[in-house]
Structures are given as structure tokens and as C-alpha cells.
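In: Just the structure for this:
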Amino acid sequence: MIKSEKIRKFVEKALEMAPKEFWIAPCSSSGKYYPPEDQVKGGTIIHSRKTIQVALSLFNFFDITDQLTKDQIIAACILHDIQKTASLGMTKQIMNIDQLPRNQRQPYILIQKPTIN
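Out: Now for the predicted structure:
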């Protein structure tokens, strides 16, 4: 998705260094401004994935073709909440997606946590 090797490696390194809460926390501690499917275990990742999907749609809508611009925006979408969970001290109970009503579950295969060699 990110064509620039320099930007892609930066994002990969940042994800390797992300606090463990980034991978498991719901999207917010209050739940006020996010949909129920973002309030489950991994909700921050679901939210980040959705921001990427919005960015891709906006690239088409506004006819953004410059690859460096696209790469920078996608990197920002992936990383924009990387420290949010740690700074908020997320302590809220993490809901399992199975606790949501069936019509609110969405099958997200999201940003994968990189394996650290």
C-alpha cells in the first residue's frame, strides 16, 4: 500500500515499537465518539484501518495522484493513534467482538502486528 520504501520502513519500525495496548485496546476510553465495533479488543486497529479506507476514497474523489502524498497520508492514518492508548491510561474492560449484537459485527482483518525477528 505504501510505495515509498523509506516511509514504509518508518511505519514498520514505529509499529514494532508501538505499546502493546495499541494492538488490543478499544478505540476510546469513554466510547462516546466511536461506533460499537470500535469498542472491542483491537478497536484502535479497527479505527486506524477505517481511516485508511476513508483516505483511499478521498484520493479518488479529489483525484490525488501524487504517490508521495498518498504514502504520507496513509502513514499518518496508520500511526495517528499509536501512543493514544498509553497516554490515556486505558483501563476500560476490553469487550470481545462476540459480545456485540450480530448485526454490529464486522469481519475486520486489519493492520497486522508485525513479527519481530
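
In: where does the residue in the chain sticking out farthest from the centre fall, phi/psi-wise?
Out: Largest separation from the mean C-alpha position in the chain: residue 63, at 23.8 Å (Cα atoms, centre = their mean). With angles defined as degrees, to the nearest 10, residue 63 sits at phi 50, psi 50.

In: Tell me the confidence at it?
Out: Looking at residue 63, its pLDDT reads 97.

In: what's the answer for residue 95, then?
Out: Residue 95 is given a pLDDT of 42.

In: Next: the one 5 residues further on.
Out: The per-residue pLDDT reported for residue 100 equals 50.

In: now swap in residue 8 and tell me
Out: For residue 8, pLDDT reads 93.

In: show me the contacts for it.
Out: For residue 8, the contacting residues are 2, 71, by Cβ atoms under 8 Å, 6 or more residues apart in numbering. (Glycine included, C-beta is placed from N, CA and C.)

In: what do you get for residue 79?
Out: 11, 14, 15.

In: how about the nearest residue to residue 59, chain neighbours excluded?
Out: Spatial nearest neighbour of residue 59, chain neighbours left out: residue 70 (5.9 Å); criterion: Cβ to Cβ, 6 or more residues apart in numbering.

In: Helix or strand: which one has that neighbour?
Out: helix 67-79 (DSSP states H and E).

In: buried sites along that helix?
Out: 70, 71, 73, 74, 75, 77, 78, 79 (16 or more other Cβ atoms under 10 Å).

In: possible to save these as JSON lines with pLDDT and distance to residue 57?
Out: Formatted as JSON lines, these follow (pLDDT from 0 to 100; distance: Cβ to Cβ, whole Å):
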{"residue": "70", "pLDDT": "96", "distance to residue 57": "12"}
{"residue": "71", "pLDDT": "95", "distance to residue 57": "17"}
{"residue": "73", "pLDDT": "96", "distance to residue 57": "12"}
{"residue": "74", "pLDDT": "95", "distance to residue 57": "12"}
{"residue": "75", "pLDDT": "95", "distance to residue 57": "17"}
{"residue": "77", "pLDDT": "94", "distance to residue 57": "12"}
{"residue": "78", "pLDDT": "93", "distance to residue 57": "16"}
{"residue": "79", "pLDDT": "92", "distance to residue 57": "20"}
